[in-house]
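Novice: build me a model:
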Amino acid sequence: KIFDKVRAEKIAKKVNGKYGQVSDIQSEAKKENPPLLYDLTELQRDANVKYGFTAKQTLNLMQKLYEEHKLLTYPRTDSRYLGSDVVPSLKDRLETIAVGENGKFVHEILKVGIKVSKRFVDDSKVSDHHAIIPTEQPLKLSNLTFDEKRIYDLVVKRFLAVMMEPFEYDRITVNVDIESENFFAKGRVVKSEGWKRVYRNEEQLDDDSQEVKDQMLPSVKKGQDLKVLNAKVVNGKTKPPARYTEATLLSAMEHPGKFIDDDELR
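Specialist: Numbers count the residues shown, from 1 in each chain. Modelled structure (predicted):
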């Protein structure tokens with residue numbers, strides 16, 4: 001980032017068409033664990049981001065899936081963990097949701113065995129009700145409305161993801177010196193998709209909106225010469241915080257302290 005436009009344009013002109021050399025490559029192994037199971041607030045937030053549902057709409061759909069269809073557990077919970085008493089029923093719950101695309105993930109989980117960990121089973125983090133998960137009730141998708149299927153699918157995918165392997169990748173930073181100017185590129189190389197395979201065919205609900213972190217980089221070596229095919233100056237602006245949506249407001253209500261500077265008041 002340069003705040004002098006004339007200088008930026010001079011640099012772009014100087015390096016265009018020239019050769020540069022890779023001066024440094026940094027690689028850092030990263031591991032991203034599955035997200036936690038749903039409580040009501042998190043489910044309302046995702047349903048708002050993905051489908052535009054209000055918090056009330058999501059709760060109403062949840063109530064029907066719980067009371068009428070008996071496909072999901074109690075919705076009004078603030079826990080994102082399961083108690084140890086639920087563990088014996090996990091296999092039956094998985095077999096119930098082994099329909100369509102989800103079937104292969106269920107098969108994989110059961111083949112290696114359910115690995116119970118503190119990431120989703122913790123008695124100390126369950127009060128009156130555990131996280132929202134599928135029940136053992138036989139599934140008849142034809143009985144559900146389109147919107148009920150959407151909510152049910154969110155819960156099922158999260159239930160599958162939490163029992164799968166972490167997402168593993170290398171975070172790569174490449175530095176290139178061109179005509180005494182230093183440029184860098186960031187990206188990542190995926191080693192194992194892990195739990196993200198559950199969401200492969202749909203847009204991820206991801207807080208990490210920095211596109212540069214997701215770009216795939218070509219294979220380069222330190223000392224390698226690279227030709228600059230094109231250099232251009234891009235004007236950018238910082239944006240004020242966006243107006244609240246139901247999703248971001250729910251997040252703010254969960255952690256209001258981070259918006260307050262006064263330590264004591266926070």
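
Novice: tally of neighbours for residue 128?
Specialist: 9 (other C-beta atoms under 10 Å). (Glycine included, C-beta is placed from N, CA and C.)

Novice: wait, is it part of a helix?
Specialist: No: under DSSP: H, G, I helix; E, B strand; the rest coil, residue 128 sits outside any helix and is assigned coil.

Novice: could I get the contacting residues of it?
Specialist: Residues near residue 128 by C-beta atoms under 8 Å, 6 or more residues apart in numbering: residue 77.

Novice: show the pLDDT at residue 211.
Specialist: At residue 211, the predicted lDDT confidence score is 43.

Novice: what do you get for the one 10 residues further on?
Specialist: If you check residue 221, the pLDDT there is 91.

Novice: tell me the contacts of the closest residue in space to it that isn't next to it in sequence?
Specialist: Spatial nearest neighbour of residue 221, excluding adjacent residues (C-beta to C-beta, 6 or more residues apart in numbering): residue 22 at 6.6 Å. Residue 22 is in contact with 174-176, 220-224, 226, counting by C-beta under 8 Å, 6+ apart.

Novice: please redo it, this time with the cut-off set to 7 Å
Specialist: By C-beta atoms under 7 Å, 6 or more residues apart in numbering, the contact set of residue 22 is 174, 176, 220-224, 226.

Novice: now the helices: where do they sit in the chain?
Specialist: Per DSSP state H, the chain carries helices over the ranges 5-15, 40-51, 55-63, 90-96, 102-112, 146-161, 246-254.

Novice: could I have the last one exported to PDB, CA atoms only?
Specialist: Going back to what we said before, that points to helix 246-254. Output in PDB follows, covering the C-alpha atoms of helix 246-254 (Å, rounded to 0.1, in the frame of the first residue of the first chain):
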ATOM      1  CA  GLU A 246     -29.500 -10.000  11.900                       C
ATOM      2  CA  ALA A 247     -26.400 -12.200  11.600                       C
ATOM      3  CA  THR A 248     -23.800  -9.500  12.600                       C
ATOM      4  CA  LEU A 249     -26.100  -8.100  15.300                       C
ATOM      5  CA  LEU A 250     -26.400 -11.600  16.800                       C
ATOM      6  CA  SER A 251     -22.600 -11.800  16.900                       C
ATOM      7  CA  ALA A 252     -22.400  -8.300  18.500                       C
ATOM      8  CA  MET A 253     -25.000  -9.300  21.200                       C
ATOM      9  CA  GLU A 254     -22.900 -12.400  22.000                       C
END
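
Novice: what residues of it count as buried?
Specialist: Of the residues in helix 246-254, those buried by neighbour count under the rule 16 or more other C-beta atoms under 10 Å are 246-247, 250-251.
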